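1. Structure for this input, please:
(2 chains)
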There are 2 protein chains.
Amino acid sequence: MGELGLIRWIREAVAGAEEPGVIIGIGDDAAVLALAPGAALLATTDLVVEDVHFRRAFASPRDIGWKAVAVNLSDIAAMGGRPRWALVGLAIPASTEVDEVEAFYEGMRGAAAPHNVAIVGGDTSESPRGWFVSVTVLGEHTGTPRLRSAARPGDAVAVTGTVGRSAAGLAVLESGVERVRAAGIDAETVEELRRAHLRPTARVAEGRWLGEAAGVHAMMDCSDGIATDLGHLCRESGVGARVRIDRLPVAEAAREAARTLGRDPIEWAAAGGEDYELLLTCDPASAGALAAGLRAATGTALTVIGEIDGSGTGIIWVGPEGRPVEIRPGYEHFSG
Amino acid sequence: MGELGLIRWIREAVAGAEEPGVIIGIGDDAAVLALAPGAALLATTDLVVEDVHFRRAFASPRDIGWKAVAVNLSDIAAMGGRPRWALVGLAIPASTEVDEVEAFYEGMRGAAAPHNVAIVGGDTSESPRGWFVSVTVLGEHTGTPRLRSAARPGDAVAVTGTVGRSAAGLAVLESGVERVRAAGIDAETVEELRRAHLRPTARVAEGRWLGEAAGVHAMMDCSDGIATDLGHLCRESGVGARVRIDRLPVAEAAREAARTLGRDPIEWAAAGGEDYELLLTCDPASAGALAAGLRAATGTALTVIGEIDGSGTGIIWVGPEGRPVEIRPGYEHFSG
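-> The predicted model follows:
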């Protein structure tokens, strides 16, 4: 199909029922959208690049579309906002099959639809080599957005859900699913880890609940790993932190994969990244009520893993016996 | 610099004076922005890909940044809206020099600042090969956006400014500036054409004025060339059009380059694309007043080039003697 055919196909593919807030969707020069009265606009962009963020050997077009949306939803969630619309820039080789493009958009829709996020615009281009995906998600916030810079000395540091599954999933894919199965990990665990890596779920409901809850101070999402992301949060807040590695809510499936593959689950959990959990700081007296409230509202756990330290600016990782442990921060683009 | 260093640099580079409407800019999970009360939100994304949309042999990083913003501003202008904020996704080879990144952002700022558009977010990534740029521009509209689908039978078809300079500029770059100078085109004309191709100016003030003016029906920007873009407009409106090629406002500099290079200026003007002028249809009785009013308000010409024909759906190009002329539509991605 030519570009025009592709745009027509996309327009039909993404048009659902009457989308709330979409005055003009795909097909004109720009989308025209209606924000809730009085709401602030939230906007975030993330790139997903072949051979940098994913390998085609592991990720299908559907996975790529899903993840490109999910990582942006996670950014809106981290502000405590409501995601509403997505725009996509997609550059793909001329040899790309139509059904791959369809699968990509179905992946996008799969991640977006549960949150009533409509795909309202975009651009397509040939790419001389590899897939390049840029997704922008727009959201709204009617209260006070939760910032990275709001951590206070004495705050508890907490994380939603579990950590380590995405890094474990990548290790499973790199080792080969068949080999990992043969080594004794059951199919369900393998699928859980694979899915955690390729089709992460943004903590949208959790972000909105925590964004309104009393006692929450700073919040961000964990895309690069707790070690790196908590470093950003501390830097923005001008504080340090102490984290207890034995408190990290390491996913059981990640522990199982680590045992089988001879890897360190703590490294995955602390530095692996891409779990897209929410990392926050809160009044320590509120932590218990926040955990109970979040579980009641969303079914998701909230675990205190450490505390904010006003006297330093670095992160000290502490083992079960209280001894400092070294954690290597996760992947950083352009590092070195 | 690592990614963190790059983000810090960008944050400092793009932070100007207090930006209106920017509650939180670059540096948190998402930007937080304040739309004018009651305004609709406009959103558009365009990709600019090396060796597809530009060649590094011709375009400097500053040119790339400029054009990536300008083409998006043009989409907002085409709706009659006010551009306000930009987000950028930039994937570049690991070997890219810091001063190239700086020049890219300076080019973005150069295109954005005259319109008070602030750069409020983005993402950077390594690219395995070549530059990939995705810019999203957000704008607002307090009236009724001008759509492509609003053309009516009997409307006059009109275009702002002049056409053909961008295609002429590309031809000059491809022929070699030195050769073209030696063939007798003066330096000023060469620079005008080169600049029209590499640093186009979006018709923002013109779009806002025309967007509010009585008598304007459909509007869009000319990115792919009048032949292709008027085809889109007619298709969306369910109408056809007749265009008089002798009425096309071909830029004098383009005519001069065409004479020297032995090329057809009409082909550049009708099918060359990337002039980023506004193409509109209007009540024919209003055309004179619109042209006079636009010139008084912005200094820019508006030229009637044809009329909308309710009986057909194609575009008929007519020569000075009233004979149909064939015009080959411009570049289309994924065509064939």
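
2. What helices and strands are in contact with the longest helix seen in chain A?
-> As assigned by DSSP state H, the longest helix anywhere in chain A is helix A:61-78. The contact analysis (3 or more Cβ pairs under 8 Å, 6 or more residues apart in numbering or on different chains; DSSP states H and E) places helix A:61-78 against strand A:40-49, strand A:82-92, helix A:98-112, strand A:132-141, helix A:187-198, helix A:204-212, strand A:216-221. For glycine as for every other residue, the C-beta is placed from the backbone atoms N, C-alpha and C.

3. Show me how far it is from its chain's centre.
-> In this view, helix A:61-78 has its centroid 7 Å away from the chain centroid, taken as Cα atoms, centre = their mean, to the nearest Å.

4. For that helix, C-alpha coordinates in PDB please.
-> The C-alpha trace of helix A:61-78 is given here as PDB (Å, rounded to 0.1, in the frame of the first residue of the first chain):
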ATOM      1  CA  PRO A  61       5.600  -5.800  15.700                       C
ATOM      2  CA  ARG A  62       2.700  -6.200  18.100                       C
ATOM      3  CA  ASP A  63       5.100  -6.200  21.000                       C
ATOM      4  CA  ILE A  64       6.800  -3.000  19.700                       C
ATOM      5  CA  GLY A  65       3.500  -1.200  19.300                       C
ATOM      6  CA  TRP A  66       2.400  -2.200  22.800                       C
ATOM      7  CA  LYS A  67       5.600  -1.200  24.500                       C
ATOM      8  CA  ALA A  68       5.900   2.100  22.700                       C
ATOM      9  CA  VAL A  69       2.500   3.100  24.100                       C
ATOM     10  CA  ALA A  70       2.900   1.500  27.500                       C
ATOM     11  CA  VAL A  71       6.200   3.300  28.400                       C
ATOM     12  CA  ASN A  72       4.500   6.700  27.600                       C
ATOM     13  CA  LEU A  73       1.400   5.800  29.700                       C
ATOM     14  CA  SER A  74       3.800   5.000  32.500                       C
ATOM     15  CA  ASP A  75       5.100   8.600  32.300                       C
ATOM     16  CA  ILE A  76       1.600  10.000  32.600                       C
ATOM     17  CA  ALA A  77       0.900   7.600  35.500                       C
ATOM     18  CA  ALA A  78       4.000   8.800  37.300                       C
END
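
5. got the contact list for the residue nearest to residue A:79 when sequence neighbours are not counted?
-> Using Cβ to Cβ, 6 or more residues apart in numbering or on different chains and skipping the chain neighbours, the partner closest in space to residue A:79 is residue A:145 (4.4 Å). Residues near residue A:145 by Cβ atoms under 8 Å, 6 or more residues apart in numbering or on different chains: A:40, A:42, A:79-81, A:211, B:23-24, B:28, B:30, B:32.

6. picking up where we left off before, now distance to chain B too, for the helices and strands packed on helix A:61-78, in a markdown table please.
-> Compiled in a markdown table, those are given as follows (distance: least, Cβ to the nearest Cβ, whole Å):
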| stretch | distance to chain B |
| --- | --- |
| strand A:40-49 | 4 |
| strand A:82-92 | 4 |
| helix A:98-112 | 10 |
| strand A:132-141 | 3 |
| helix A:187-198 | 18 |
| helix A:204-212 | 9 |
| strand A:216-221 | 6 |
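
7. Now mean neighbour count and mean pLDDT too, for those, in TSV please.
-> Shown next, in TSV, are the helices and strands packed on helix A:61-78 (neighbours: other Cβ atoms under 10 Å in any protein chain shown; pLDDT from 0 to 100):
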stretch	mean neighbour count	mean pLDDT
strand A:40-49	26	97
strand A:82-92	27	97
helix A:98-112	20	94
strand A:132-141	29	98
helix A:187-198	19	97
helix A:204-212	22	97
strand A:216-221	24	98
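
8. and the ones you listed as a markdown table, adding distance to residue B:225?
-> What follows is the helices and strands packed on helix A:61-78, written out as a markdown table (distance: least, Cβ to Cβ, whole Å):
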| stretch | distance to residue B:225 |
| --- | --- |
| strand A:40-49 | 29 |
| strand A:82-92 | 21 |
| helix A:98-112 | 25 |
| strand A:132-141 | 25 |
| helix A:187-198 | 41 |
| helix A:204-212 | 42 |
| strand A:216-221 | 43 |
